[in-house]
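Participant: Sequence and computational prediction follow.
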Amino acid sequence: MNQIETASSTDLEHSPVGELVHSHATGAQWLSRYSSSLLGVFGTPQRVLVRGAGCLVWDADGKEYLDLLGGIAVNALGHAHPFVTSVISSQLATLGHVSNFFTSPTQIALAEKLLGLTKAPAGSKVFFANSGTEAVEAAFKLARRNAGTSHDGAAESAAENTDKQRTKIIALEGAFHGRTMGALALTAKEAYRAPFAPLPGGVVHIPFGDIEALRAAVDSTTAAVFLEPIQGEAGVRPLPPGYLKAAREATSAAGALLILDEVQTGIGRTGKWLASEDAGIVPDAVTLAKGLGGGFPIGALVTFGAETSALLTAGQHGTTFGGNPVATAAALATLHVLENQDVLAHVRAVGEHLRAGLAGIGGVTEVRGEGLLIGFDLDADVAPGVVAAGLDAGFIVNSPGPRTIRLAPPLILTTGQADSFLAALPALLTTAKDAQ
Ligand SMILES: Cc1ncc(COP(=O)(O)O)c(C=O)c1O
């Protein structure tokens, strides 16, 4: 048998990918191929994007867009960030994948880094996954293993959960935690859930932001409470002040875990490493993903403290790709830039500027969010029309509801770029209303 060539074959221009990059096919031609080859779960994509740089992207027809969605809160440092790109390339050229039979320095260094950034106490640990929903799945399994190991020192063994006394898991109405079966059981939206019943049992959804409802729901049968500090998919709805503290008190008293889903809100999105960091609480676990890899797929579950970290033991969970050298190098590079270029202070400043500008625009009835996770409501059900008008005008935004627009741009968005959207928005609203 001939030996497979491993030496570099550097004719990238004529490689399968190079030919695609230089293709002259139009967006319409690509979309026709898309619809005959890709499963229809996402509907028809809005555009075919071929290139990006910073906060800008270009489609197959050569049109430029200001990306105010950042791949849904993912491209923390924008597109094709030179430092992140070169770290990823160099790691891939050194060691790309090893499986979890082995580890690698980037995996260990990233775990240590995340424990520091999340101010996790001694004994805390990290599990790496490949996406947000997988980080939540790991958290769901952690919750199932909770037999009531408590925060008051009266520890029971996790093994005692075999009698499954603690079967209740609490999440909120409006919650979005992902689409795999465990995460879907935590996700509230009926349209996402109903086609896949039965979902893993025991999950109850309680009214959003209602502290009394939470106190009434958490009891000795509760394994965990899952909360997003700001519900992203529900239209950027922050939990009311004091809610996280009340949740901590109620879960600690009952021996239930408090698990914060910071997949969308974490890693600088709100101008803080964690949206929950000034709530004055220590959670039992935090899920992360989205911005962590700066565009490279990675998720993480951080388990806080030795007791919680001991709930999942060898063989109880795993993944082939999770924590691979390239993904963890991408995350290390992203965190390095976020830290060393003071990006979080920039996020706070530009976010405040954008929110203030939005609040002054006619037809905008409410502005919510923190840092560069922003939701605003309109005075009519025209949000999808604003998204469409935005695309025509060269802006990418998202409508999580009929009258709500969400912005989650790269964290490096400039004030000038924010201003260009503020200047365009009144016309987008008019166009959307005229089209109704
Ligand atoms: C809070 C939250 N959790 C989990 C997820 C699922 O993440 P992924 O889409 O990477 O599976 C999302 C995605 O939007 C999210 O916003």
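Facilitator: Yep, that arrived.

Participant: and the residue of the chain found nearest the ligand, what does it touch?
Facilitator: Nearest residue of the chain to the ligand: residue 132, at 2.1 Å (CB to the nearest ligand atom). Quick note: C-beta positions are derived from backbone N, CA and C, even for glycine. Going by CB atoms under 8 Å, 6 or more residues apart in numbering, residue 132 touches 177, 178, 183, 261, 263, 264, 287, 289, 290, 299.

Participant: Near the ligand, list only the ones from those.
Facilitator: 177, 178, 261, 263, 264, 289 (CB under 6 Å from any ligand atom).

Participant: Quick check: the second one is in a strand.
Facilitator: No: residue assignment for residue 178, taken from DSSP: H, G, I helix; E, B strand; the rest coil, gives coil, which places it outside any strand.

Participant: what packs against the longest helix seen in the chain?
Facilitator: Taking DSSP state H as the criterion, the chain has its longest helix at helix 415-434. If you count contacts as 3 or more CB pairs under 8 Å, 6 or more residues apart in numbering; DSSP states H and E, helix 415-434 packs onto strand 64-67, helix 343-359, helix 383-393, strand 395-396.

Participant: ok, the closest residue to residue 265 other than its chain neighbours - contacts?
Facilitator: Distances taken as CB to CB, 6 or more residues apart in numbering put residue 275 closest to residue 265, at 3.7 Å, once the chain neighbours are dropped. By CB under 8 Å, 6+ apart, residue 275 lies in contact with 229, 230, 262, 265, 266, 269, 370, 373.

Participant: now swap in residue 423 and tell me
Facilitator: Shown in contact with residue 423 (CB under 8 Å, 6+ apart): no residues.

Participant: Over to residue 257?
Facilitator: Residue 257 neighbours (CB under 8 Å, 6+ apart): 142, 143, 146, 223, 224, 225, 251, 284, 285, 308.

Participant: Please list only the buried members of these.
Facilitator: Buried by 16 or more other CB atoms under 10 Å: 142, 143, 146, 223, 224, 225, 251, 284, 285, 308, out of the contacts of residue 257.

Participant: My guess is the second one contacts residue 222. True?
Facilitator: No: between residue 143 and residue 222 no contact is recorded; they are 9.3 Å apart, counting by CB atoms under 8 Å.

Participant: Spit out the residues that contact the two alike.
Facilitator: Joint contacts of residue 143 and residue 222 (CB under 8 Å, 6+ apart) are residue 169.

Participant: quick one: low-confidence ranges for this protein?
Facilitator: Filtered on pLDDT under 70, the chain yields the residue ranges 1-10, 148-164.

Participant: mind redoing it with 90?
Facilitator: Counting by pLDDT under 90, the chain shows low-confidence ranges at 1-23, 147-165, 436.

Participant: what residues does it put near the ligand?
Facilitator: Within reach of the ligand by CB under 6 Å from any ligand atom, the chain has these residues: 72, 131-133, 136, 176-178, 228, 232-233, 261, 263-264, 289.

Participant: returning to what we had before: among the buried ones among the contacts of residue 257, which are in strands?
Facilitator: With strands taken from DSSP state E, the overlap with the buried ones among the contacts of residue 257 comprises 223, 224, 225, 285.
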